[in-house]
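Asks: Sequence and predicted structure below; questions after.
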Amino acid sequence: MDNILDLCLSNSKLIKEVKVRDSFSDHNFIEVTLNMKKKLAKERIEVKLFKKANYDEINYHLSNIDWTMIFMNMTVDQKYETFLNIIWRLIDEYVPTKRIDLNIKTHSKAIYCLQRKKRIIWRREGNSMLYKTVCSELKSIIFQEEKERTEKQLANSSHRNFFRFINTRMKPTADVGVLKSRDIVASDDGTKAELLSQSFMNFGTIDDKLIPKLPPTEKNSIEDIEMEPYIVEYALSKLQPKCNTTPDNIPSIFLKKVCTSAALPLAIIFRDSLLTSDVPEFWRLAIVKPLFKKGNRSDPNNYRPISLTSSVAKVIEKIIRKQISSFLDMNQILSTRQFGFRAKMNTEAQLLVYQSDILQKSGSKQVLYSIYIDFRKAFDSVCIPKLISKISNNGIRGNLCNWLSRFLSDRSQQVQVNDALSSRQKVVSGVPQGSVLGPLLFILFINDIGENLNSQFLLYADDLKLYSTDRKTIQDDLDTLSKWCKDWQMEISPEKCQFIAFSPSKKAISLSKNQHFTLLNCKIPKCEHVRDLGVIFSEDLTFKNHLNITIRKAQQRINILFNILKLGSLEILIKCYTIYIRPLIEYGSLIYSPAQKEMIYKIEGLQKSFVFRLTKKFNIPYESYFNTIREFGLESLEERSGICPSINSINIYILPISTQYSSKSGNDNQQPPTHSQFQKSQRNGSLQHPCNLQYPCRLQHP
């Protein structure tokens, strides 16, 4: 520390570049370039207030239009264009607009009067006692106004709005800063949009015109979708009331409000679109928002494209997805090892299956090798003709298959950075991220990836892991996987793949360090800890590393929470804790549920410290932890883990557990309290295993 002369302390996301320059005195100096947005003095925009629109008049006009007559002898494109023109005219007429200043914070009249009075007194008397009194009064009123504003915003908000409120204050701005690509430096929004558009286009896959032979199937087929007005009306009514950005400028809140009057024209358009495979251009156009992943913020390749598509297109997509999903489930087409984007299957369900497989293999003290595969731009690399061949092979044929082919082909997109749009670019491959059908079509495309694998495997969307105790089997499967990727034009990033060796035996783990696996002639790096769907698995089958990291993150959130909600009431802080902090602690608790007292106390200590700080902040007497949490309407974290709320959603796979129960005498004086009933593992000797979990049971003792 004695050698440090120059320091630059900043939020890391603001730092664009750091260079060490030659000395001009007795030492070198650092040059730091910050990534900051220039704020304009006055930035005014005009917004449409869709929540205050006159929907009675809009519905009246739409209901009195003879859509059959208007749409006569028109193509689907012409029908949709006519529908849009009518909707746009009604929006202009019945949706009010408002000009708002983005950089000006509005206050009550009382505050403006006090501010004016403060300036007048300063000019006349300077820093007098009257001036100080007015300043104190102004500060008190601003404090109270901010408190009331926070209360109003959060008191009755949904969980989604709560998350949005906290994220905007916890996390730095998501604005795209200065971008660099080769010799081009983009500082204005238009140039940034073009650079990002070019970067996203580089991810495309050009079809090689070779479609691998698929095994013949005698599966049932689905060829058409029913599009009646009542079906369309129901789909419209289920839209989220959001003022979202869309290519055709019709937000979902508008469609939801006119669901009954707009159902007939949209049903006609949807039905004709399916019959003729004619998809309007607006449905195949996406507004792309860049989302930063990680790495250098000035590199356009470190941004992920998120597509904002037409709300009308999402309605027909939802209707089609519901029918296709029912067809796939009824015919059991999707792999049972795929847990992504499927009803009643989630991340914790997959992790339970994974952990069960690991424990079964590690019971005999064998080493279980697990390989984590990373696909390069998986969603953007899907070759459309190859996807259509798989769709058809799985029984989706006729008009429906033709419509999907047209919907996925000849798509275009524009990248949006603030108010600037890039030029339109043709999308050569990929399923649109942000669409309704995209995730389902992707898991259908990747569905057969495990058919020729001998190792066990699990999928969550494009996250694939292979695991087995036989090293040769895994290596053979990696070669098989490479061939599958070559045939279907999917790319793997070997440098981002990793493998881990699980075993309760330290000796076995030590011997496994000499093992290695290769993929595409590249050596896969070995790791001691791996993050899998939000839970960190360690090679010794303990979760100490995961728990320590989770506890640290949760404590940071608690500290930030008290900082950003200084004006929040007791109820707001408790609600924020239950929505934003407690789920972080409890996620994956079915997997890592700690058995050691040390870790139990650490986890419970998080809530205990939060509760104690609440009592200090609001001057509430603190008698004991358990009495206080009862007053606040909370439960201890150990009690909540005993309830196992997420077990209700995990009904696909059941771990092999015995029906025997053991009863333990409870001790009310012990903190935190323990449960009196536990389910025990059926395997012999597993109770001594460091990863054996005692799952609290909520059933009555037999």
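Replies: That came in fine, so what should we check first?
Asks: got any ranges where this protein has weak pLDDT?
Replies: 1-16, 23-27, 35-44, 102-104, 155-157, 170-174, 363-364, 595, 642-702 (pLDDT under 70).
Asks: domains of it?
Replies: Residue ranges for each domain of the chain read 1-36, 109-170, 355-375+446-538, 544-696, as given by automatic domain parsing.
Asks: Of the ones you listed, which stretch is the most buried?
Replies: Stretch with highest mean neighbour count among the domains of the chain: domain 355-375+446-538 (a mean of 18; mean count of other Cβ atoms under 10 Å). In short, each C-beta sits where N, CA and C put it, glycine included.
Asks: mind checking the end-to-end distance for that one?
Replies: Length of domain 355-375+446-538, first residue to last, Cα to Cα, to the nearest Å: 12 Å.
Asks: repeat for stretch 330-348
Replies: End-to-end distance for stretch 330-348, by Cα to Cα: 24 Å.
Asks: let's have the chain start at 4 instead
Replies: Okay, residue one is now 4; in that scheme the one you just asked about reads as stretch 333-351.
Asks: one step back: okay, the domains of the chain in TSV with distance to residue 420 next?
Replies: Putting these into TSV (distance: least, Cβ to Cβ, whole Å) gives the following:
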stretch	distance to residue 420
domain 4-39	14
domain 112-173	19
domain 358-378+449-541	27
domain 547-699	27
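Asks: so which of these comes closest to residue 61?
Replies: Among the domains of the chain, the nearest to residue 61 by Cβ to Cβ is domain 112-173 (25.7 Å).
Asks: Let me know which of the domains of the chain is the nearest to residue 331.
Replies: Shortest distance between residue 331 and these, using Cβ to Cβ, is found for domain 358-378+449-541: 9.1 Å.
Asks: Compute the distance between residue 113 and residue 135, please.
Replies: According to Cβ to Cβ, to the nearest Å, residue 113 and residue 135 sit 19 Å apart.
Asks: One more: residue 475?
Replies: 82 Å.
Asks: neighbours around residue 307, how many?
Replies: The tally of other residues near residue 307 (other Cβ atoms under 10 Å) stands at 16.
Asks: Helix, strand, or coil at the nearest residue to it once chain neighbours are set aside?
Replies: Spatial nearest neighbour of residue 307, excluding adjacent residues (Cβ to Cβ, 6 or more residues apart in numbering): residue 294 at 4.7 Å. Under the three-state scheme (DSSP: H, G, I helix; E, B strand; the rest coil), residue 294 adopts strand.
Asks: Please name the residues that touch residue 294.
Replies: Contacts for residue 294 (Cβ atoms under 8 Å, 6 or more residues apart in numbering) come out as 177, 306-309.
Asks: Let me know the closest of the residues you listed to residue 465.
Replies: residue 307 (12.9 Å).
Asks: Doesn't that closest one lie inside a strand?
Replies: Yes. Assessed by three-state DSSP, residue 307 belongs to a strand.
Asks: Am I right that residue 89 is in contact with residue 74?
Replies: No. Applying Cβ atoms under 8 Å as the test, residue 89 and residue 74 come out as separate, 11.4 Å apart.
Asks: shared neighbours, those two?
Replies: By Cβ under 8 Å, 6+ apart, residue 89 and residue 74 have no common neighbours.
Asks: Any idea how many residues pack against residue 288?
Replies: Residue 288: 21 surrounding residues under other Cβ under 10 Å.
Asks: Run through the residues that contact the closest residue to it other than its chain neighbours.
Replies: Spatial nearest neighbour of residue 288, chain neighbours left out: residue 250 (4.4 Å); criterion: Cβ to Cβ, 6+ apart. Residue 250 sits next to 285, 288-290, 311-313 when contact means Cβ under 8 Å, 6+ apart.
Asks: Swap in 7 Å and give it another go.
Replies: Taking Cβ atoms under 7 Å, 6 or more residues apart in numbering as the criterion, residue 250 is in contact with 285, 288-290, 313.
Asks: Out of the residues you listed, list just those in helices.
Replies: Judged by DSSP state H, the contacts of residue 250 include no members of helices.
Asks: tell me the two of these that are most distant?
Replies: Largest pairwise distance in the contacts of residue 250, by Cβ to Cβ, is 10.9 Å, between 285 and 290.
Asks: how about the contacts of residue 294 in JSON lines, adding distance to residue 66?
Replies: Compiled in JSON lines, the contacts of residue 294 are given as follows (distance: Cβ to Cβ, whole Å):
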{"residue": "177", "distance to residue 66": "41"}
{"residue": "306", "distance to residue 66": "44"}
{"residue": "307", "distance to residue 66": "42"}
{"residue": "308", "distance to residue 66": "39"}
{"residue": "309", "distance to residue 66": "36"}
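Asks: so which pair among the residues you listed is furthest apart in space?
Replies: Farthest pair in the contacts of residue 294, by Cβ to Cβ: 177 and 308, 14.2 Å.
Asks: Okay, helices next: where are they in the stretch 404-553 of the chain?
Replies: According to DSSP state H, counting those that start in this stretch, the stretch 404-553 of the chain carries its helices in the segments 441-448, 474-491, 509-515, 547-567.
Asks: mind checking which of these is nearest residue 206?
Replies: If we rank the helices of the stretch 404-553 of the chain by Cβ to Cβ, the stretch that ends up nearest is helix 441-448, at 14.4 Å.
Asks: thought residue 224 was touching residue 397?
Replies: No. With contacts defined as Cβ atoms under 7 Å, residue 224 does not count as touching residue 397, sitting 9.1 Å away.
Asks: Those two - which one has more neighbours?
Replies: residue 397 (23 against 15).
Asks: how near is that one to residue 327?
Replies: Applying Cβ to Cβ, the value for residue 397 to residue 327 is 10 Å.
Asks: Could you do residue 591 as well?
Replies: Following Cβ to Cβ, the distance that separates residue 591 from residue 327 is 31 Å.
Asks: longest helix of this protein?
Replies: Scanning the chain for the longest helix, with DSSP H as the assignment, gives helix 132-157.
Asks: Can you report how many residues neighbour residue 102?
Replies: A count of nearby residues for residue 102, using other Cβ under 10 Å, gives 8.
Asks: List the neighbouring strands of the helix or strand that contains it plus their orientation.
Replies: Using DSSP states H and E, residue 102 sits in strand 100-104. The strands beside strand 100-104 in its sheet (DSSP bridges) come out as strand 47-51 (antiparallel).
Asks: tell me what the helix or strand that the partner strand is followed by is packed against?
Replies: Using DSSP H and E, the helix or strand that follows strand 47-51 towards the C-terminus is helix 58-66. Counting by 3 or more Cβ pairs under 7 Å, 6 or more residues apart in numbering; DSSP states H and E, the packing neighbours recorded for helix 58-66 are helix 79-97, helix 262-279.
Asks: can you rerun that using 10 Å?
Replies: If you count contacts as 3 or more Cβ pairs under 10 Å, 6 or more residues apart in numbering; DSSP states H and E, helix 58-66 packs onto helix 79-97, helix 255-260, helix 262-279.
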